[in-house]
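S.K.: What shape does this take:
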Amino acid sequence: MQETPQQYIKRILGFVEGKDPLRVQRETPKKLQTLIKPLSKKQLTQRPEPGKWSVGEILAHLADAELVGGWRMRLILGNNGVSLQPFDQDVWAETFAYARRDPAASLETFRVLRESNLAVLKALPKNLWENYGMHQERGKETITHIVRMFAGHDLNHLGQIEKIRKGDSKRAG
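M.R.: Purely as a prediction, here's the structure:
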C-alpha cells in the first residue's frame, strides 16, 4: 500500500528527529563513500529483491533528488510562495536508467550538488529560511522544512544501503 504524502513526511522527519539536519547532510557523502567502497560491481547493481532498488539505483536517485532539492530551494528563494512540482521517482528511475548508471559517478554527482546546496544554505540570511513553496502534493514547504526532509531522506537511504550490505533484503526498501 502506497503511503500518503502526510505519512511520508512523518516517516522521513522521524529519521532526523533529535539530529542536526545540516550536519546529517554534510556527513552523508562521506558515509555513502564508506558504505559502498568495499562493494563489488555486482553488489552495487544487484537488487535485494524484485521491485527494490539496488545500491547503485539508490545512489542515482540521491543524485537526482539533490538536483531537485537545489532547484526547489532556489525557486523558493527567488519567488516566495512558488508552486513546486512533484516527480515520480519510479518513472525517473526507469526513464533515466538508474540500473545502468555508474554508481561512482552518481555518488560524485550527489557530492558536488550537495556541496553547492550546503554553500547556498550557509550563506542564507536567517529571515529567508521561512520562505516557502507550495508543493502540489505535500503543501507548504519552507526552506527549514526542506532541509529537515532532505536530512531524513539521507538517513532513510543510508539505512537501506546498510541493510542491503548486511543482506537483510526483507527490510531494505
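S.K.: residue ranges of the strands in the protein, please?
M.R.: Counting by DSSP state E, the chain has strands at residues 82-84, 132-135, 139-142.
S.K.: Ranking those by mean neighbour count, which comes first?
M.R.: strand 132-135 (a mean of 19; mean count of other C-beta atoms under 10 Å). The C-beta positions use only the backbone N, C-alpha and C, and glycine is treated the same way.
S.K.: just so I know, which of the strands of the chain lies nearest residue 34?
M.R.: Closest approach to residue 34 among the strands of the chain (C-beta to C-beta): strand 139-142, 30.4 Å.
S.K.: who's in contact with residue 150?
M.R.: The contact partners of residue 150, taken as C-beta atoms under 8 Å, 6 or more residues apart in numbering, are 21, 25, 65, 66, 69.
S.K.: my guess is residue 68 contacts residue 87, does it?
M.R.: Yes - because the distance of 6.5 Å satisfies C-beta atoms under 8 Å, residue 68 is recorded as touching residue 87.
S.K.: Of those two, which one has the most company?
M.R.: Using other C-beta atoms under 10 Å, the more surrounded residue of residue 68 and residue 87 is residue 68, with 17 against 10.
S.K.: Next up, the contacts around the more buried one.
M.R.: residue 87.
S.K.: Also the one 5 residues further on?
M.R.: Going by C-beta under 8 Å, 6+ apart, residue 73 touches 117, 120, 121, 143, 146.
S.K.: Double-check residue 67 against residue 113; I have them as touching.
M.R.: Yes - between residue 67 and residue 113 there is a contact under C-beta under 8 Å: 5.8 Å.
S.K.: thinking again about what came up before, mind putting the contacts of residue 150 in CSV, distance to residue 156 and neighbour count included?
M.R.: As requested, those are exported to CSV (distance: C-beta to C-beta, whole Å; neighbours: other C-beta atoms under 10 Å):
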residue, distance to residue 156, neighbour count
21, 13, 21
25, 13, 22
65, 11, 19
66, 14, 25
69, 14, 19
